[in-house]
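*Asks:* Test case, fold it:
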Amino acid sequence: MKADLIVHNIGTLVTSRELEKKSKGDMENIEILHNAYLAVRDGKVLALGEGNIPESLKEEKTKLIDAKKKVVTPGIVDSHTHLVHYGSREDELPLKIKGVPYLEILKQGGGILSTVRKTRKATDEELFEKAFGVLDRMLSFGVTTVEGKSGYGLNLETELRQLETNKRLNENHPIDVVSTFMGAHAVPDEYKENPKGYIDEVLKMLPIVKEKKLAEFCDIFCEDAVFDVEESRHILKEARKHGFKLKIHADEIVSLGGAELAGELGTVSAEHLMAISDQGIKDLYENNVIANILPATSFNLGKDYAPVRKMIDTGLTVALSSDYNPGSCPCENMQLVMNIASAQLKMTPTEIFKAVTINAAKAVKRDDTVGSLEVGKNADFVIFDVENLNYIFYNIGINHVKDVFKLGEQVLTDGEVSYV
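*Replies:* Purely as a prediction, here's the structure:
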């Protein structure tokens, strides 16, 4: 079979295909090729390997791209974002600088509730246009798949509008958008005196969201002064009954037992985990729960980082994501996230690329199609304008992405979106 497109003269090709682990804590067990080529047909990976392009792959109309010894990787998967919302919260910056706790800002009616008020007032077009621009910027940093949570509506109407916007974005933007329902993100103002009443409302939303096929996952903010462990257990178990796959914001600020709950329920992933206990790490490992780590949130809030090296040594599957949101982490730059993981979490370049490709794809149940460059999988890949992996983490604060391909089509050229 002949290729539509062949990228050749690749200095380093990170396929992210998983190899046999050398030890329980081996997070570097992904295939990396040198002096390589990558062949594409009909949007899928046709062949890849080291050395010269096999003549059997070429024909007169095959497009050849010389990578000029640069680095090529799978498209980055950002598996935790709060993509659709309206407004911003820079007015809270002085409070953060003064050390006012995040949960205290929420109690005062700020934080999530501030964004809820703005999101409820926004039109559908305003929500779409804001998020579309965010996706363009994410694409420029090499992202080709994104998970987007609701949770800034906190009523049925606006939660549905957020999820419908996700669907529209998925249909109209090159980046794939995976939807998560997170009605249990906070208790809205109108239920301040009756938080149990809002839990009942969330339970009523679940079958409606599922019937409309607007979300694949259900997430919840299990945290002190938000939803406790028992409330989280109740909501997530009901979500599972309706066919949702489960996620959980766990142990972000307080070691509440969210990770232990994730292990008990066998959620797909547990997110944040800065305050996770040793028992929580053990429970995640024993129940194959992915630890989705969001280091830019720790950086932005000035909080401790999740104990990633301990997680890796235990054998946990670790993913890295941006946590893009308007409050605790208004960051659209996955390369910054990767730089922080290198400098602060002491992860190696290979570990980091595994965490943002195949492991992140597992966190959104897309590892059968994206997250690695293997024959038959989607031809989503990035050309970095560097000659080795280390340079990406050495030269920080720079966008090193040159070109991005989605299903074999070039959607970013020399750093500029080119899919229109």
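*Asks:* CA atoms for contacts and neighbours, from now on please.
*Replies:* OK.
*Asks:* With residue 169 as the reference, measure out to the residue of the chain positioned farthest from its centre.
*Replies:* When distances to the mean C-alpha position of the chain are computed (Cα atoms, centre = their mean), the maximum falls on residue 60, with 39.2 Å. Here residue 60 is placed at a distance of 36 Å from residue 169 (Cα to Cα, to the nearest Å).
*Asks:* before we move on, what about residue 336?
*Replies:* With the distance defined as Cα to Cα, residue 336 ends up 24 Å from residue 169.
*Asks:* Now do the contacts for the residue lying closest to residue 184 once chain neighbours are set aside.
*Replies:* Distance criterion Cα to Cα, 6 or more residues apart in numbering; nearest residue to residue 184, sequence neighbours excluded, is residue 220 at 5.1 Å. Contact partners of residue 220, counting by Cα atoms under 8 Å, 6 or more residues apart in numbering, are 182-185, 227, 232, 236, 247-249.
*Asks:* got it, and residue 412?
*Replies:* Contacts of residue 412 by Cα under 8 Å, 6+ apart are 139-140, 402-405, 418-419.
*Asks:* Wasn't it part of a helix?
*Replies:* No: secondary structure of residue 412 (DSSP: H, G, I helix; E, B strand; the rest coil): strand, not part of a helix.
*Asks:* What is the neighbour count of residue 372?
*Replies:* Residues contacting residue 372 under the criterion other Cα atoms under 10 Å number 30.
*Asks:* Got phi/psi on it?
*Replies:* Main-chain torsions, residue 372, degrees, to the nearest 10: phi -150, psi 160.
*Asks:* before we move on, the earlier item: include distance to residue 297, neighbour count and secondary structure when you put the contacts of residue 412 into TSV, please.
*Replies:* Shown next, in TSV, are the contacts of residue 412 (distance: Cα to Cα, whole Å; neighbours: other Cα atoms under 10 Å; DSSP: H, G, I helix; E, B strand; the rest coil):
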residue	distance to residue 297	neighbour count	secondary structure
139	20	31	helix
140	21	27	helix
402	26	19	strand
403	27	24	strand
404	26	31	strand
405	28	23	strand
418	31	13	coil
419	31	13	coil
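*Asks:* Closest one of the residues you listed to residue 277?
*Replies:* Proximity of the contacts of residue 412 to residue 277 (Cα to Cα) peaks at residue 139, which lies at 35.1 Å.
*Asks:* isn't the closest one right up against residue 175?
*Replies:* Yes: in this structure, residue 139 is within contact of residue 175 by Cα atoms under 8 Å, at 7.2 Å.
*Asks:* Now tell me which helix or strand of the protein has the poorest mean pLDDT.
*Replies:* Confidence across the helices and strands of the chain bottoms out at helix 102-107, with a mean of 73, counting by mean pLDDT, DSSP states H and E.
*Asks:* How about the residue nearest to the spatial centre of the chain, nearest residue that isn't a chain neighbour?
*Replies:* The chain has residue 79 as the residue nearest its centroid, 1.8 Å off, counting by Cα atoms, centre = their mean. Spatially, and ignoring its direct neighbours in sequence, residue 79 is nearest to residue 147 (4.9 Å; Cα to Cα, 6+ apart).
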